[in-house]
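Enquirer: What follows is a predicted structure for the sequence shown.
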Amino acid sequence: LSFTKVSGTNSQWRSCRLSNWLYPNQGVFKYDFKIEQNKAGWMFLGIVGHDFSNWTGYVGSDTSKSWGFSCGGTGGSTRLWGSGAQTSTYNYRQDTKFAEGDTVSIEVDTNQKTISFYINGVNKGIAFVNIPLTQKMAVGVTLYDVGDKVTYIPKPSEKVGGEEEAGEEE
């Protein structure tokens, strides 16, 4: 399952999400994405709330509704955006980057209410804590330029150590 920005203009955000929902206290879930094309270096991966509505914005830009990880773009800097602000309890080092060809994994611990990211299997640590999982949430992706592409790599089970089924694009 791939997400590709196929229309519009360059330098404009377009977001989407998977349709499988995460609920509070259901365990640890991990989702893998292959970065196929990222022309300007801008791409956000993260979590969006069920009422996220900023589809022409980026994951992390809605107050209390999304949390995202990006790197690249102007200056090639690493960014963690949560609840509409460039903040995180654990800020990643500026050299924590992903690029075309990398696999980025999003790990959501619905019990501990944390979000962590992996790049090519290497855990980069906890990015966000105290996520308000009082609502259902899903994995979200934001693309920036026409031709940008990310591929979701489903596994037999998204739940770490569990039997959940992979979701589909909505």
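Expert: That came through, no problem. Numbers count the residues shown, from 1 in each chain.
Enquirer: At which residues are the strands of the protein located?
Expert: Counting by DSSP state E, one finds strands in the chain at the ranges 2-4, 14-17, 28-37, 43-49, 66-72, 77-82, 103-109, 114-119, 122-128, 137-143, 149-153.
Enquirer: Go through the ones you listed and name the closest to residue 55.
Expert: Nearest of those to residue 55, taken as CB to CB: strand 14-17 at 5.1 Å. C-beta: built from backbone N, CA, C; applies to glycine.
Enquirer: Let's see the pLDDT reported for residue 79.
Expert: With respect to pLDDT, residue 79 has a value of 74.
Enquirer: swap in residue 124?
Expert: pLDDT, residue 124: 86.
Enquirer: my guess is it meets residue 115, correct?
Expert: No: the criterion here is CB atoms under 8 Å, and residue 124 misses it with residue 115 at 11.0 Å.
Enquirer: ok, those two, which is more surrounded?
Expert: Per other CB atoms under 10 Å, whichever of residue 124 and residue 115 has more neighbours is residue 115, with 23 against 19.
Enquirer: Output the below-cut-off pLDDT ranges for the chain.
Expert: Across the chain, the ranges flagged by pLDDT under 70 are 1-3, 5-8, 10, 63-64, 72-78, 83-95, 156-170.
Enquirer: wait, what's in contact with the nearest residue to residue 49 once chain neighbours are set aside?
Expert: Nearest-residue entry for residue 49: residue 65, 4.1 Å, with adjacent residues in sequence omitted and distances by CB to CB, 6 or more residues apart in numbering. When contacts are counted by CB atoms under 8 Å, 6 or more residues apart in numbering, residue 65 is found next to 48, 49, 51, 52, 53, 54, 83.
Enquirer: let's see 7 Å
Expert: 48, 49, 51, 52 (CB atoms under 7 Å, 6 or more residues apart in numbering).
Enquirer: Would you write out the PyMOL command that picks the buried residues out of those?
Expert: Per 16 or more other CB atoms under 10 Å, the buried members of the contacts of residue 65 correspond to this PyMOL selection:
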select buried, resi 48+49+52
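Enquirer: just curious, which of the contacts of residue 65 is nearest to residue 60?
Expert: For the contacts of residue 65, the nearest to residue 60 is residue 48 (8.9 Å; CB to CB).
Enquirer: what about the closest residue to that closest one other than its chain neighbours, how many neighbours?
Expert: Spatial nearest neighbour of residue 48, chain neighbours left out: residue 140 (3.8 Å); criterion: CB to CB, 6+ apart. Neighbours of residue 140 under the rule other CB under 10 Å: 27.
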